[in-house]
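Engineer: Quick one: sequence and predicted model below, then my questions.
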Amino acid sequence: MRILWVDDEIEGLRPHILFLEREGVEVVPFDRPEDALEALKVSSFDLVILDYRMPGMDGLTTLREVRKLAPHVPVALVTMVTDREIIEESVAEDVFDYIVKPVQPSQVLALIKRLEAEKIKSRFKGRKMAQAYAELNRLPMDYHGWLQRARLLAELRYQEGLEAWADEMRAENQEFARWVERQYREVLFDPELTWSHNLLKKHLLPVLREKKTALFIFDNFRLDQFVALSHRLPSPARMEQVLYMALLPTATPFARNALYAGLLPYDIERRHPGWTLDNRHERELLEEFLQEHGLGHLSHVVHKINSLKAFQEIPVGREPFEVFSVNFIDLLSHLRLEVPSLKDLTPDEGAFMRWADYVLQEARFLQKVERLLDQGYTVFLTTDHGWVEGRDALVVHGGGELTPGLRFKFGDSVRVSDRGGILWTHLKEYGLPTNRGSRLLLATVYHYLVYPSDVRRFEKTYRGGIYHGGVSLEEMCLPLLKLER
């Protein structure tokens, strides 16, 4: 450990320096900041200790110069207890820590131990990220490979935080969007692959025939949120996870209706004209699904939960098959666009995730799961689609018939001139009806759609919102968790 120590009264600190040197710490002392900065230009140090109150160039000014010369070297600022304004001002300069006068060698040793612990943590994190990159590079860019990529990135985002993976997620999503544009039409009709419309048939029907079953469907919930949730699930519950892809557009009228019906949106609309315009017919779609698979006699209930209070008060464990459609977690992201006073409540995806976590805690969701497991239920948890934060405006063109929405638009005249979207025609080939228009534009990565009439205003209004309906790993790659005792 090599320390650069700057203090205009450095001679009075000689006993402390000698003590530290006996402990194996190399200290390079200076009483003038100008001389210390010259040393920093030609030598490397593990830590810089600066006294704030020095004549001439004070500690904060010296700190700014240190940041220019060695931005990655941690700096500790020596202050008085009363230097509150100094501490507040120096926070913006990313000070590693503070030492309160009178300085004691034990304070410096404690600081060194903390710094060494941070370095070990950083090296471990670096190895973990390097291992993750290596694993990502080994995974193929096909249906199964993309699901595994999404799982790996979600787990690492949960462990390391959003910022560490923002650039990697963007790069992965750009490749994923290209794959969707090339392959979606083909892989959608592969019966071996799991999508929204065959999820219940593949994974719930076998259990429904044998056991009491509960299904929770959270509107607008992401894979990384399920990763966090899985760490708090009741013990000793056995958990199995299946990954699958949501249908496009990743929006409730398509993905969730398809989940309940066991049908593609095109087939739902062909049977029931108008039913793909909203999600008002979930019960009827589920009942048709059960009837067609020989379970029409099964006693069941579908709870449509539209408020936190309703979620708190909902009874569980009354019927052999219980479905909980949790609709209101998504509401705050939509209300943010309509109610100015709510704008600051969901400024980014971190805030939205905290809001969703708060909802689950306040609704005593985990206690409900525990109760169901105690009663012999198999409990399934999933979502109809995920979401992204809108970061990049994409100008969309078309007539007045275009549907509303910031991640997808139907219309006969919809078009886009810049990259950042996928345009589909012949919608039947993608499992979609044409009751909203003959063309579909899907936003990719983190784009949101704005009109050319006032791009700057729309861009400012909608940037940072929580959206879904488009093409991204976060929106399309989803889990189904199965819990049993």
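Structural biologist: Everything's here; your move. Quantities reported herein were computed from a predicted structural model and do not represent experimental measurements.
Engineer: quick one, what contacts the residue at minimal distance from the centre of the chain?
Structural biologist: Nearest residue to the geometric centre of the chain (C-alpha atoms, centre = their mean): Asp224, 5.7 Å. Asp224 makes contacts with Leu153, Ala154, Glu155, Arg157, Tyr158, Met353, Glu474, as judged by C-beta atoms under 8 Å, 6 or more residues apart in numbering. Using the backbone N, CA and C atoms, a C-beta is placed for each residue, glycine as well.
Engineer: Identify the residue nearest it in space, chain neighbours excluded?
Structural biologist: Leaving aside its sequence neighbours, Asp224 sits nearest to Ala154 (C-beta to C-beta, 6 or more residues apart in numbering; 3.9 Å).
Engineer: Could you do Val416 as well?
Structural biologist: Here the residue nearest Val416, using C-beta to C-beta, 6+ apart, is Val396, at 5.4 Å.
Engineer: Let's test this: mean pLDDT of the helix or strand hosting the one you found, rounded?
Structural biologist: According to DSSP states H and E, Val396 maps onto strand 392-397. Throughout strand 392-397, pLDDT has a mean value of 93.
Engineer: immediately after it, which helix or strand?
Structural biologist: strand 408-411.
Engineer: I'd like the distance from that next one to the chain centre, please.
Structural biologist: 25 Å (C-alpha atoms, centre = their mean, to the nearest Å).
Engineer: Could you tell me the phi and psi values at Ala177?
Structural biologist: Dihedral pair for Ala177: phi -60, psi -40, per degrees, to the nearest 10.
Engineer: I figured it hits Ile422, correct?
Structural biologist: Yes - Ala177 is within contact range of Ile422, at 6.9 Å (criterion: C-beta atoms under 8 Å).
Engineer: For these two, indicate the residue with more neighbours.
Structural biologist: Ala177 (23 against 20; other C-beta atoms under 10 Å).
Engineer: what bridges to the closest residue to the more buried one other than its chain neighbours?
Structural biologist: Excluding its sequence neighbours, the residue lying closest to Ala177 (C-beta to C-beta, 6+ apart) is Thr444, at 3.8 Å. Applying DSSP bridges to Thr444 yields these beta-bridge partners: Val471.
Engineer: Look at Thr444 and say how many residues are nearby.
Structural biologist: As a burial measure, Thr444 scores 23 neighbours (other C-beta under 10 Å).
Engineer: From Arg407, how far off is it?
Structural biologist: 9 Å (C-beta to C-beta, to the nearest Å).
Engineer: ditto for Gly56
Structural biologist: Look at Gly56 and Arg407: by C-beta to C-beta, they are 57 Å apart.
Engineer: neighbour-wise, which of the two wins?
Structural biologist: Legend: neighbour count by other C-beta under 10 Å for Gly56 and Arg407, higher for Arg407 (28 against 10).
Engineer: now the strands for the stretch 1-150 of the chain?
Structural biologist: In the stretch 1-150 of the chain, the segments counted as strands under DSSP state E, counting those that start in this stretch are 2-6, 26-30, 47-51, 75-79, 97-100.
Engineer: now the stretch 151-300 of the chain
Structural biologist: Going by DSSP E, counting those that start in this stretch, the stretch 151-300 of the chain shows strands at 213-218, 238-245, 300-305.
Engineer: Tell me the first helix or strand C-terminal of the helix or strand harbouring Val369.
Structural biologist: Using DSSP H and E, the element containing Val369 is helix 365-374. Later in the chain than helix 365-374, the nearest helix or strand by DSSP H and E is strand 378-383.
Engineer: one step back: now do the shared contacts for Thr444 and Arg407.
Structural biologist: If you check Thr444 and Arg407 against C-beta under 8 Å, 6+ apart, the residues they both contact are Gly470.
Engineer: And the chain, what are its domain boundaries?
Structural biologist: Split into domains by automatic domain parsing, the chain comes to 2-117, 139-265+305-485.
Engineer: Need those domains in TSV (columns: distance to Glu282).
Structural biologist: What follows is those, written out as TSV (distance: least, C-beta to C-beta, whole Å):
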stretch	distance to Glu282
domain 2-117	50
domain 139-265+305-485	5
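Engineer: Go through these and pick out the most buried.
Structural biologist: Scoring the domains of the chain by mean neighbour count under mean count of other C-beta atoms under 10 Å gives domain 139-265+305-485 as the most buried, with a mean of 19.
Engineer: Check the separation of the first and last residues in that one.
Structural biologist: Taking C-alpha to C-alpha, to the nearest Å, domain 139-265+305-485 runs 33 Å from one end to the other.
Engineer: cool, stretch 198-208 as well?
Structural biologist: 15 Å.
Engineer: mind showing which ranges of the stretch 51-200 of the chain have poor pLDDT?
Structural biologist: Residues of the stretch 51-200 of the chain meeting the criterion pLDDT under 70: 81-94, 120-130, 160-165.
Engineer: so where do the helices sit in it?
Structural biologist: With DSSP state H, counting those that start in this stretch as the criterion, the stretch 51-200 of the chain has helices at 59-69, 84-91, 105-138, 143-160, 166-187, 199-203.
Engineer: Save those helices as a markdown table, and put in distance to Arg436 too.
Structural biologist: Converted to a markdown table, the helices of the stretch 51-200 of the chain look like this (distance: least, C-beta to C-beta, whole Å):
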| stretch | distance to Arg436 |
| --- | --- |
| helix 59-69 | 54 |
| helix 84-91 | 51 |
| helix 105-138 | 37 |
| helix 143-160 | 27 |
| helix 166-187 | 18 |
| helix 199-203 | 24 |
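Engineer: Quick one: closest of these to Val326.
Structural biologist: helix 199-203 (16.7 Å; C-beta to C-beta).
Engineer: what's the spacing between the closest one and its chain's center?
Structural biologist: Centre-to-centre, helix 199-203 and its host chain are 26 Å apart (C-alpha atoms, centre = their mean).
Engineer: for it, packing partners?
Structural biologist: On a contact count with 3 or more C-beta pairs under 8 Å, 6 or more residues apart in numbering; DSSP states H and E, helix 199-203 meets helix 252-261, strand 477-484.
Engineer: what inclination does the first one have with respect to strand 477-484?
Structural biologist: Inter-element angle recorded for helix 252-261 and strand 477-484: 40 degrees (by axes from the mean of the first three to the mean of the last three C-alpha atoms, to 10 degrees).
Engineer: coming back round to it: nearest to Asp278, of the helices of the stretch 51-200 of the chain?
Structural biologist: With C-beta to C-beta as the yardstick, what comes closest out of the helices of the stretch 51-200 of the chain is helix 199-203 (20.3 Å).
Engineer: Against Leu432, how distant is the residue lying closest to Gly469 once chain neighbours are set aside?
Structural biologist: Nearest residue to Gly469 in three dimensions, chain neighbours excluded: Arg407, at 3.6 Å (C-beta to C-beta, 6+ apart). Plainly put, Arg407 is 15 Å away from Leu432 if you go by C-beta to C-beta.
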